[in-house]
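K.L.:
What would the 3D arrangement of this be:
(one chain, ligands or ions: 2)
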Amino acid sequence: MQPGRKTRSPLWVSTPAMASIPGNRDLTERLTSVYIQTYGCQMNIADSRTVETILLDAGYRLVDTPEAAKVILVNTCAVRESAQTRALGQISSLSRLKTQNGTRVIGVLGCIPQEMREALAHERPFLDLVVGPDDYRQLPYLIEERLASPPGEPARIATLLRRSELYDDIPPHHRGGVTAFVTITRGCDKFCSYCVVPYTRGRERSRPLPSIVAEAEKLVGKGAREIMLLGQNVDAYEWEDNGFPDCLKAVASVDGLERVRFLTSHPQDTGQDLFDVMAADAKICPYLHLPVQSGSNRILEMMNRGYTRERYLEIIGAAKRTVPGLAFSTDIIVGFPSETERDFEETLDLVHQVRFDTAFMFRYSPRPRTKAARLTDDVPEAEKIRRLEKLISLQLKIGREQNLKQLGRVDDVLIEGISPKNNDMWIGRTPDHRPVVFSQNGEMPGQVVAVKLAELRGFTFVGLRA
Ligand code: SAM
Ligand code: SF4
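P.N.:
Ligands and ions are numbered 1, 2, ... in the order given. This is a model prediction of the structure:
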């Protein structure tokens, strides 16, 4: 065991508080320091918070820079090739820190380990740990073992996908802040033909509802005012007789909570039950992220999405009719194998019809083991870029028009913190997730203030107290 390393004992549990007690500084500094860098979506951020709890409970302390850390962990995303390339570049650059200090432990977590396993460790021999998303509980033991073993040993690889792993008993570490993430489902069973998630995160499973509510209560107790419920497909949530609308209702009833949001919905599983619950409870934010991926029925079928553009538009229509002021966002992929100009035009047409407030738009990239990876990736890269640019510029125009329509409206803004561009202003969001800056007047983050949306600068509103 390294000097200063401790397994869990009551003395070592409350690391951050100890640091603030004069005289305890030495004690704190003797705890092994960990830096976690996170790539990818909110689900990955939530996973990193779970890892933080596991490590804090095991007696580690978190630091803010890789240079200051004895243990460096990079939590990765493999959904798109570009995300993977970025994370791999960062991992490779860490070899420098290993050269500086050979006893440092460097580990890769998340989807890339699940995807590349031995290749990752083989091509980067300085790595100590390669750990998939269902093996985080083992991290303290793996790190401990690594710290105790001589340098130069091959990396420890832990990449079992575990159907029962929900990390249900491990509350994510809340770093403060107004918003907290709560994961309600893990994995995905949809097998969209382009998507690596079912292979890297395993089968879909739902957490018991009481533990979700208890976690939300705990987070509110620690100062969170907004809970974001997370899952690759939240609409697939199923526990005993409860579906996602029941889960949403239950979390919204937590005392002291201002707002509940959720990500991501799937057009195959979402519907009127959800919209009715959203309309009935003011705490549930009027915002729906409903990925469409393509406006062409032929491409949707090849993607194995399980709906047509007509069905998608029907769902959007029902949602708009049921939930007043509902904002929409979506995900779209351009350049899927065999996508013609006509298919692409159908996507543009759908975007025109729905008028999304926001969209996340991507170029198709083939992912290993997926069904689509067996198709010829026949849309040339330059053409994918052209289509993506055209789609983005259409969506930016529509997004701006949607925002301009909000000018003059008075709405409740939940203060998130100080505006990064002007320290005299707050930045917060409306219930439909529009960012607003406005002057400070003795409030605190987490408070809700009625604000008139007076001006639009870029994609941020300037508000006046109503
Ligand atoms: N579960 C969500 C859903 O049903 O859409 C999203 C999951 S995925 C992590 C986020 C987005 O990445 C997808 O909606 C899709 O637009 C995009 N994506 C996934 N695989 C991709 C690929 N091979 N190439 C380009 N974009 C991809
Ligand atoms: Fe991937 Fe489709 Fe599952 Fe979303 S629903 S995670 S796109 S397989």
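K.L.:
what are the ranges of the strands in the stretch 301-450 of the chain?
P.N.:
Remark: strands of the stretch 301-450 of the chain, listed N- to C-terminal, are 327-334, 358-363, 410-419, 422-429, 435-439, 448-457; assignment by DSSP state E, counting those that start in this stretch.
K.L.:
Turn those into TSV, columns for distance to Ala382 and mean pLDDT.
P.N.:
Heads up, the C-betas are built off the backbone N, CA and C, glycines and all. What follows is the strands of the stretch 301-450 of the chain, written out as TSV (distance: least, CB to CB, whole Å; pLDDT from 0 to 100):
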stretch	distance to Ala382	mean pLDDT
strand 327-334	12	98
strand 358-363	11	97
strand 410-419	39	97
strand 422-429	37	96
strand 435-439	34	98
strand 448-457	34	98
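K.L.:
Can I get those strands in TSV including distance to ligand 2 and mean neighbour count?
P.N.:
As requested, these are arranged in TSV below (distance: least, CB to the nearest ligand atom, whole Å; neighbours: other CB atoms under 10 Å):
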stretch	distance to ligand 2	mean neighbour count
strand 327-334	8	22
strand 358-363	11	18
strand 410-419	27	19
strand 422-429	25	18
strand 435-439	26	20
strand 448-457	32	16
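K.L.:
Quick one: closest of the ones you listed to Val71.
P.N.:
The closest approach between Val71 and any of the strands of the stretch 301-450 of the chain, judged by CB to CB, belongs to strand 410-419 at 28.9 Å.
K.L.:
To what extent is Arg205 buried, counted in neighbours?
P.N.:
Under the neighbour criterion other CB atoms under 10 Å, Arg205 is assigned a count of 18.
K.L.:
Return the set of residues that bridge with it.
P.N.:
Arg186 (DSSP bridges).
K.L.:
pLDDT weak spots in the stretch 201-350 of the chain?
P.N.:
Along the stretch 201-350 of the chain, the model assigns pLDDT under 70 to no residue.
K.L.:
Most proximal residue of it with respect to ligand 2?
P.N.:
Here the residue of the stretch 201-350 of the chain nearest ligand 2 is Gln232; by CB to the nearest ligand atom that distance is 3.8 Å.
K.L.:
Setting aside sequence neighbours, what's the nearest residue to that residue?
P.N.:
Take Gln232 and drop its neighbours on the chain: the residue closest to it by CB to CB, 6 or more residues apart in numbering is Cys188, 4.1 Å away.
K.L.:
near ligand 2, which residues of the chain show up?
P.N.:
188, 190-192, 195, 197-198, 232-233, 266 (CB under 6 Å from any ligand atom).
K.L.:
and these, which are buried?
P.N.:
Burial by neighbour count, 16 or more other CB atoms under 10 Å: within the residues of the chain next to ligand 2 this picks out 188, 190, 192, 195, 197-198, 232-233, 266.
K.L.:
pretty sure the residue nearest to Gln232 belongs to a helix, no?
P.N.:
No - secondary structure assignment (DSSP: H, G, I helix; E, B strand; the rest coil) places Cys188 in coil, not in a helix.
K.L.:
so it touches Thr200, yeah?
P.N.:
No - in terms of CB atoms under 8 Å, Cys188 does not count as a neighbour of Thr200; the distance is 9.7 Å.
K.L.:
hang on, Phe244 packs against Phe275?
P.N.:
No - contact criterion CB under 8 Å: Phe244 and Phe275 do not qualify, at 11.7 Å.
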